[in-house]
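J.: what's the 3D shape of this:
(2 chains)
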Amino acid sequence: DTGVSQDPRHKITKRGQNVTFRCDPISEHNRLYWYRQTLGQGPEFLTYFQNEAQLEKSRLLSDRFSAERPKGSFSTLEIQRTEQGDSAMYLCASSPRGAVSYEQYFGPGTRLTVT
Amino acid sequence: GQNIDQPTEMTATEGAIVQINCTYQTSGFNGLFWYQQHAGEAPTFLSYNVLDGLEEKGRFSSFLSRSKGYSYLLLKELQMKDSASYLCAVRVRAGTASKLTFGTGTRLQVTL
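T.: Below is the predicted model of the structure:
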């Protein structure tokens, strides 16, 4: 069990460019979450997958954001036409099926800087 | 919506005990979590409470009172490595989702 992994760890992009992040959850975890965290704040929920189905999406997620989990394993988060306000740490978390506490295991995050 | 409050910063001495409080207002409460986050790293799970009372896990304990919308995290025998942010998070029932709503975190500085 190697834990939740995210790629890339850091991304610097110019305003207006598109970026895509990848998350590999712990194997056999059927629940996957994306959060965004800015400096001095707690993580904010963006979206949630159970297997390949996207079951909830925050109002924070504008039309420029899209997430997929095509085979119920890894997930991608794409941001189109990036803005400086998108600069943040993007965290992915996963949790197992049927866990009593539904503890979420976080990945190391992708730090996005939009210049 | 949900509202979660916790102090922004705390300072404590190595070897001492510190209590970090968290108050919340939410509908559909379905559990409270505490996470530790070192600067630049991912949050790591510390504790989970869904029923009233105290949960003890080594040097860390967490308490919940659902009627008061209140929780605390107690850290005993503080060590320098405990310097980190401590995040209180509430889980709410939302269909089949179990998303967490986090507070802003309490930055704890442990000094000699």
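J.: What is the least confident helix or strand in the chain?
T.: Using chain A here. Ranking every helix and strand in chain A by mean pLDDT, DSSP states H and E puts strand A:53-57 at the bottom, with a mean of 89.
J.: my question was about chain B
T.: That would be, for chain B by mean pLDDT, DSSP H and E, strand B:100-102 at a mean of 91.
J.: Report the strands that pair with it, each with its relative direction.
T.: Note on strand B:100-102: by DSSP bridges, its sheet partners are strand B:84-92 (antiparallel).
J.: Need the residues that contact the strand it pairs with.
T.: Where contact means Cβ atoms under 8 Å, 6 or more residues apart in numbering or on different chains, the residues beyond strand B:84-92 that reach it are A:42-43, A:102, B:2, B:4, B:6, B:20, B:22, B:24, B:26-39, B:43, B:46, B:71, B:73, B:98-103, B:105-108. For glycine as for every other residue, the C-beta is placed from the backbone atoms N, C-alpha and C.
J.: chain center to that strand, what's the gap?
T.: Relative to the centre of its chain, strand B:84-92 is centred 5 Å away, using Cα atoms, centre = their mean, to the nearest Å.
J.: how about the CA coordinates for that strand, as CSV?
T.: Output of strand B:84-92 as CSV, limited to C-alpha atoms (Å, rounded to 0.1, in the frame of the first residue of the first chain):
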residue,chain,number,x,y,z
ALA,B,84,1.6,21.8,13.0
SER,B,85,-1.8,22.9,12.0
TYR,B,86,-4.7,21.0,13.5
LEU,B,87,-7.8,20.8,11.4
CYS,B,88,-11.3,20.2,12.8
ALA,B,89,-13.6,18.7,10.1
VAL,B,90,-17.3,17.8,10.2
ARG,B,91,-18.9,15.2,8.0
VAL,B,92,-22.5,15.8,7.0
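J.: Wait, residue B:53 touches residue B:61, no?
T.: No - the pair residue B:53 / residue B:61 is not scored as a contact, 10.4 Å apart, by Cβ atoms under 8 Å.
J.: Looking at these two, which one has more neighbours?
T.: residue B:61 (19 against 9; other Cβ atoms under 10 Å in any protein chain shown).
J.: ok, now which ones touch residue B:93?
T.: Applying Cβ under 8 Å, 6+ apart to residue B:93 gives the contacts B:28, B:30.
J.: any idea what sits nearest residue 18, other than its immediate chain neighbours?
T.: Using chain A here. Computed as Cβ to Cβ, 6 or more residues apart in numbering or on different chains, the closest residue to residue A:18 that is not its neighbour in sequence is residue A:80, at 4.9 Å.
J.: My question was about chain B, not that one.
T.: Of all residues not flanking residue B:18 in the chain, residue B:12 sits nearest, at 4.1 Å (Cβ to Cβ, 6+ apart).
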